[in-house]
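[1] Dropping a prediction and its sequence here:
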Amino acid sequence: MKYHTIPNTLFIKNRKKFRAQMKPKSIAVFNSNDVYPISADATMPFEQQRDIFYLSGADQEETILILFPDALDKKHREVLFVRETNEHIAIWEGEKLTKERATEVSGIQTIYWLSDFDKVFFDLMTEADTVYFNTNEHYRQAVETQTREDRFIKKCKENFPAHQWAKSFPILQQIRGVKEPEELDLMQTACNITEKGFRRLLGFIKPGVWEYEIEAELLHEFIRNRSKGFAYTPIIASGNNANVLHYIENNQQCKDGDLILMDVAAEYANYSSDLTRTIPVNGKFTKRQAAVYNAVLRVKNEATKLLVPGTLWAEYHKECGKLMTSELLGLGLLDKADVQNENPDWPAYKKYFMHGTSHHIGLNTHDYGELKTPMKANMVFTVEPGIYIPEEKMGIRIEDDVVIQEKGAPFNLMANIPIEVEELEELMHA
């Protein structure tokens with residue numbers, strides 16, 4: 001891994017929080033992701049399943065974690081299974097976790113080779129009444145591929161039909177949404193790497209440059225700072241491309257007079273950052289571009305102030321809609337009649353701002369976190385309003401990542417990344 005070793009105290013705390021919510025005589029199982037094939041002998045780069053990473057720090061394929069707080073043998077209350085390494089694997093694939101190194105990474109004392117899993121698991125299941133399955137119930141999930149977790153669940157139900165089943169997701173949804181200090185440090189590192197990439201671009205972008213060249217500059221800066229690369233597929237959208245919310249082709253030439261919307265950010269140690277900035281290709285906003293940009297910035301700044309403990313997700317987005325409506329009226333994009341006659345289910349502002357303002361961020365870019373209960377301190381949210389005007393070939397979005405504080409305004413992890421019109425213009429002409 002490119003990132004520095006994470007103190008295993010983080011994973012020890014995370015497991016303690018999960019175990020505290022388990023039923024008596026229950027066992028929870030977490031599987032790593034598969035290595036996914038492309039064709040022939042080619043595979044996609046391995047990405048660890050985020051829940052097993054959150055609970056163990058093990059960033060390796062063919063890994064299984066078991067939590068069994070009521071195991072009769074104390075050594076089986078936390079067990080990590082890892083792929084047995086050998087000289088052949090070391091030569092062809094490189095270093096894998098030894099048992100000793102697995103303990104150092106995770107803080108788990110009992111480490112077995114994966115080949116021992118079936119035998120050990122059967123023995124533990126004779127003591128357990130309930131099994132926690134790690135199903136993916138994220139509100140944005142749309143997965144069709146059968147995962148390693150899916151195969152395990154199917155096999156477990158066949159082999160142990162008399163046991164009761166429970167879900168890990170509600171527990172993870174709750175505990176993963178509130179970040180530990182170590183997690184906030186890792187996310188700050190990801191944001192700092194993103195800042196370096198963005199500042200690199202301010203001296204690079206000019207009329208005639210291609211969107212993919214901008215992507216290459218970012219990737220270079222991210223990797224040289226110990227990131228694997230982009231936290232999500234980068235959006236580098238110049239001109240009217242910015243009005244396609246998930247534009248990822250990044251294959252057009254940037255033209256004089258256009259704006260370029262860049263929704264691009266680095267990961268670090270599997271933690272995401274999520275940045276959007278919109279800047280003029282030629283380094284100078286027109287009067288109209290600056291007016292729309294500053295309207296979006298005002299919405300972002302006011303929306304950020306609403307992210308405090310106790311805020312309800314649904315109410316927050318209603319308030320953000322009111323802020324945006326006011327700005328759109330000021331820009332002449334809406335008039336009072338539009339607002340008075342609007343459909344409550346699709347307010348007038350949605351014509352120009354059709355997505356949400358915020359989402360949880362952490363180990364996933366769209367991270368786990370409760371959405372129907374009051375917000376809590378140390379939750380981390382994006383704040384990303386936008387105004388999209390296809391008829392003017394202009395789309396502007398601005399986005400930062402902020403941490404809810406116990407008291408006062410949220411802490412902006414991206415506070416050092418240039419955002420004001422004057423600062424952006426000055427840096428682009430430096």
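    Okay, I see it.

[2] Can you report phi and psi for the most far-flung residue of the chain relative to its centre?
    Centroid-distance maximum for the chain: residue 337 at 39.1 Å, with CA atoms, centre = their mean. For residue 337, the backbone dihedrals are phi -70, psi -40 (criterion: degrees, to the nearest 10).

[3] show me where the stretch 301-430 of the chain has helices.
    313-331, 336-340, 421-428 (DSSP state H, counting those that start in this stretch).

[4] want to throw these into JSON lines with mean pLDDT?
    Putting the helices of the stretch 301-430 of the chain into JSON lines (pLDDT from 0 to 100) gives the following:
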{"stretch": "helix 313-331", "mean pLDDT": "97"}
{"stretch": "helix 336-340", "mean pLDDT": "95"}
{"stretch": "helix 421-428", "mean pLDDT": "98"}
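
[5] closest to residue 222 out of the ones you listed?
    helix 421-428 (19.3 Å; CB to CB). Where you see a C-beta, it was placed from the backbone N, CA and C, and this is true even at glycine.

[6] how about the closest one: buried residues?
    Neighbour counts over helix 421-428 (16 or more other CB atoms under 10 Å) mark 421, 424, 425, 427, 428 as buried.

[7] how distant is that helix from the center of its chain?
    29 Å (CA atoms, centre = their mean, to the nearest Å).

[8] Average pLDDT for whichever strand or helix holds residue 191, rounded please.
    Counting by DSSP states H and E, the element that carries residue 191 is helix 181-202. Taken as a whole, helix 181-202 has a mean pLDDT of 98.

[9] With stretch 67-76 instead?
    98.

[10] before we move on, back to that, which of the buried residues of helix 421-428 sits closest to residue 258?
    residue 428 (13.8 Å).

[11] Quick check: the closest one touching residue 283?
    Yes: using CB atoms under 8 Å, residue 428 is in contact with residue 283, at 3.6 Å.

[12] okay, and the common contacts of those two?
    residue 205 (CB atoms under 8 Å, 6 or more residues apart in numbering).

[13] Name the spans of the stretch 1-150 of the chain whose pLDDT lies under the cut-off.
    Residue ranges of the stretch 1-150 of the chain with pLDDT under 70: none are present.

[14] quick one: which helix or strand includes residue 215?
    Using DSSP H and E, residue 215 maps to helix 211-223.

[15] Residue 65 sits in which helix or strand?
    strand 64-67.

[16] How about residues contacting that strand?
    With contact meaning CB under 8 Å, 6+ apart, strand 64-67 is reached by 15, 18-19, 22, 27-32, 52, 55-56, 58, 76-81, 108, 114, 117, 121, 124, 132.

[17] if you look at the residues you listed, which of them are in strands?
    27, 28, 29, 30, 31, 78, 79, 80, 81, 132 (DSSP state E).

[18] Distance of the last one relative to residue 107?
    Yep, that's residue 132 we're talking about. 20 Å (CB to CB, to the nearest Å).

[19] Those two: which is more packed in?
    residue 132 (23 against 20; other CB atoms under 10 Å).

[20] Tell me who's in contact with the closest residue to that one other than its chain neighbours.
    Distance criterion CB to CB, 6 or more residues apart in numbering; nearest residue to residue 132, sequence neighbours excluded, is residue 28 at 3.7 Å. When contacts are counted by CB under 8 Å, 6+ apart, residue 28 touches 18, 22, 66, 67, 68, 131, 132, 134, 168.

[21] And residue 48, by the same measure?
    Residues in contact with residue 48 (CB under 8 Å, 6+ apart) are 32, 33, 58, 59, 60, 61, 270.

[22] Where does it fall, secondary structure wise?
    Under the criterion DSSP H and E, no helix or strand holds residue 48.

[23] That one and residue 191: what is the separation?
    Note on residue 48: its distance to residue 191, by CB to CB, is 21 Å.

[24] re earlier: just send the helices of the stretch 301-430 of the chain back as CSV, with distance to residue 250 too.
    Output for these, formatted as CSV (distance: least, CB to CB, whole Å):
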stretch, distance to residue 250
helix 313-331, 27
helix 336-340, 34
helix 421-428, 20
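
[25] Residue 95 is nearest to which of these?
    Residue 95 lies closest to helix 421-428 among the helices of the stretch 301-430 of the chain, at 41.7 Å (CB to CB).

[26] Surely residue 272 is in contact with residue 364?
    Yes: contact status for residue 272 versus residue 364: in contact at 6.7 Å, counting by CB under 8 Å.

[27] Please enumerate the helices of the stretch 1-150 of the chain.
    Going by DSSP H, counting those that start in this stretch, the stretch 1-150 of the chain shows helices at 9-19, 50-56, 87-92, 99-106, 117-125, 148-159.

[28] quick one, which of these is packed in tightest?
    Neighbour counts (mean count of other CB atoms under 10 Å) averaged over each of the helices of the stretch 1-150 of the chain peak at helix 50-56, with a mean of 25.

[29] Just the C-alphas of that one, formatted as PDB.
    Extracted C-alpha coordinates of helix 50-56, given in PDB (Å, rounded to 0.1, in the frame of the first residue of the first chain):
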ATOM      1  CA  ARG A  50     -14.800  -1.000   3.100                       C
ATOM      2  CA  ASP A  51     -16.600  -2.700   6.100                       C
ATOM      3  CA  ILE A  52     -13.900  -5.300   6.700                       C
ATOM      4  CA  PHE A  53     -11.300  -2.500   6.300                       C
ATOM      5  CA  TYR A  54     -13.100  -0.300   8.800                       C
ATOM      6  CA  LEU A  55     -13.200  -3.100  11.300                       C
ATOM      7  CA  SER A  56      -9.700  -4.700  10.800                       C
END
